[in-house]
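[1] Got a sequence here, can you model it:
(one chain, ligands or ions: 1)
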Amino acid sequence: MIEADTIIVSDWHLGLGIEQHHQVKKFLNDIINQKITAKKLILNGDIFDLNWMPLEKILKKYRQILNQLVKINQNNTEVVYILGNHDPLTDKQQKTVYDCFNSIGLNNIIITKGYELRYHGTIYKIMHGHHFDMTLTDHPFISKLSDLPYHFLIRLDRLFGIGLTQLVIKSVRRFYDWSKFVETKCRWYISKKPYHGIIIGHTHIPKLLTWKFKQKIKLPLSKKLKIYLEQNKVPLDFQEKKYINSGDWVEKIHCTFITINKEGRASLHYYR
Ligand SMILES: [Mn+2]
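    Numbers count the residues shown, from 1 in each chain. The predicted model follows:
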């Protein structure tokens, strides 16, 4: 039993062909059956994978998941769908998805590009995260091409169960420091914004970090002010911000989601 205020989940990649859609269905059933409760469910991008399957086919093949989302929404959970780089729905495609939801039943599911989550003074920025990636994700062909080795490795893993994907991801990605690059860009972005945390997906590396930033307090401080700051526990030269990554539902060992409780505290969960 998990009681959350908000659930954030990303990178289901429905349509990829190797995604964990059975796990997604179980997870959504747990929300429907109140084993996991939340006021908001945020789908943070790459929910559909249009690089591998046309939208119409995805909507047909994964109709059950769409039914579940409408059901969850009808049970008074706000459902927000944020677009990613594998599901950059055009206005026309968004209309197709809305029409599909509406054909299932009454709902107010929202499709958007980004979202701000507020809890008395704590503000989280939620976006898919490809905005921080320099690897040409805007170009559908190159994006598809760059997916190929990953796609291939996971298929090999399914066949032989040898954990190749993790091994290669660890070595190759560490080599290119790709996810670190995304994190660094995130850090730079959030350092200039009034957010207390940023929640992304995209890298398929679930993570919860606390970043410390130096505040622009002019030194030296007067003794009086220093005492005041210390007594009131105002951080003297640091400000903490969270980096939260919701992982993915492609690799079986992941199937991760984030919960935010009503105090605004974030946790990372592995769905089993
Ligand atoms: Mn992505």
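
[2] in stretch 105-120, what's buried?
    Of the residues in stretch 105-120, those buried by neighbour count under the rule 16 or more other CB atoms under 10 Å are Asn107, Ile109, Ile111, Tyr115, Leu117, Tyr119. C-betas here are computed from N, CA, C, even on glycine.

[3] how long is it end to end?
    From the first residue to the last, stretch 105-120 extends over 33 Å; the measure is CA to CA, to the nearest Å.

[4] Next to the ion, which bits of the protein? Give me the list.
    On the criterion CB under 5 Å from the ion, the ion has as its neighbours in the chain the residues Asp46, Gly84, Asn85, His202.

[5] Let me know how buried Glu251 is, in neighbour terms.
    Neighbourhood size, Glu251 [other CB atoms under 10 Å]: 20.

[6] does it count as helix, strand or coil?
    Going by DSSP: H, G, I helix; E, B strand; the rest coil, the secondary structure assigned to Glu251 is coil.

[7] please begin residue numbering at 783 from this point
    Yep, numbering from 783; the last one is Glu1033 now.

[8] give me phi/psi at it?
    Dihedral pair for Glu1033: phi -90, psi 130, per degrees, to the nearest 10.

[9] Quickly note the distance from it to the ion.
    Taking CB to the ion, to the nearest Å as the measure, Glu1033 falls 14 Å from the ion.

[10] possible to save the residues of the chain next to the ion as TSV with secondary structure?
    Putting these into TSV (three-state DSSP) gives the following:
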residue	secondary structure
Asp828	coil
Gly866	coil
Asn867	coil
His984	coil
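
[11] Let's see if you can find the most crowded of the residues you listed.
    When neighbours are taken as other CB under 10 Å, the top entry among the residues of the chain next to the ion is Asp828 (31 neighbours).

[12] Lowest-scoring secondary structure element of the chain by mean pLDDT?
    Least confident element among the helices and strands of the chain, by mean pLDDT, DSSP states H and E: helix 956-958 (a mean of 50).

[13] any idea which helix or strand comes after that helix?
    Helices and strands here follow DSSP states H and E; after helix 956-958, the next one along the chain is helix 960-973.

[14] re earlier: list the ones among the buried residues of stretch 887-902 that fall in strands.
    Assignment to strands by DSSP state E places the following of the buried residues of stretch 887-902 there: Ile893, Tyr897, Leu899, Tyr901.

[15] Quickly name whichever of these is closest to Tyr977.
    Distances from Tyr977 to these, taken as CB to CB, are shortest for Leu899 (9.6 Å).

[16] for the stretch 933-1054 of the chain, what spans make up the helices?
    946-950, 956-958, 960-973, 1005-1013 (DSSP state H, counting those that start in this stretch).

[17] could I get the ones you listed as CSV with mean neighbour count?
    Putting the helices of the stretch 933-1054 of the chain into CSV (neighbours: other CB atoms under 10 Å) gives the following:
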stretch, mean neighbour count
helix 946-950, 16
helix 956-958, 10
helix 960-973, 17
helix 1005-1013, 11
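
[18] Turn the ones you listed into CSV, columns for distance to Ile1026.
    CSV is the format used below for these (distance: least, CB to CB, whole Å):
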stretch, distance to Ile1026
helix 946-950, 22
helix 956-958, 21
helix 960-973, 10
helix 1005-1013, 28
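
[19] mean pLDDT for the ones you listed: which is lowest?
    Within the helices of the stretch 933-1054 of the chain, the least confident segment by mean pLDDT turns out to be helix 956-958, at a mean of 50.

[20] wait, what's in contact with the most centrally placed residue in the chain?
    Centroid check for the chain by CA atoms, centre = their mean gives Gly983 as the closest residue, at 3.5 Å. Taking CB atoms under 8 Å, 6 or more residues apart in numbering as the contact definition, Gly983 lies against Ser792, Asp793, Asn826, Gly827, Asp828, Gly866, His910, Gly911, Asn1027, Ser1028, Gly1029, Asp1030.
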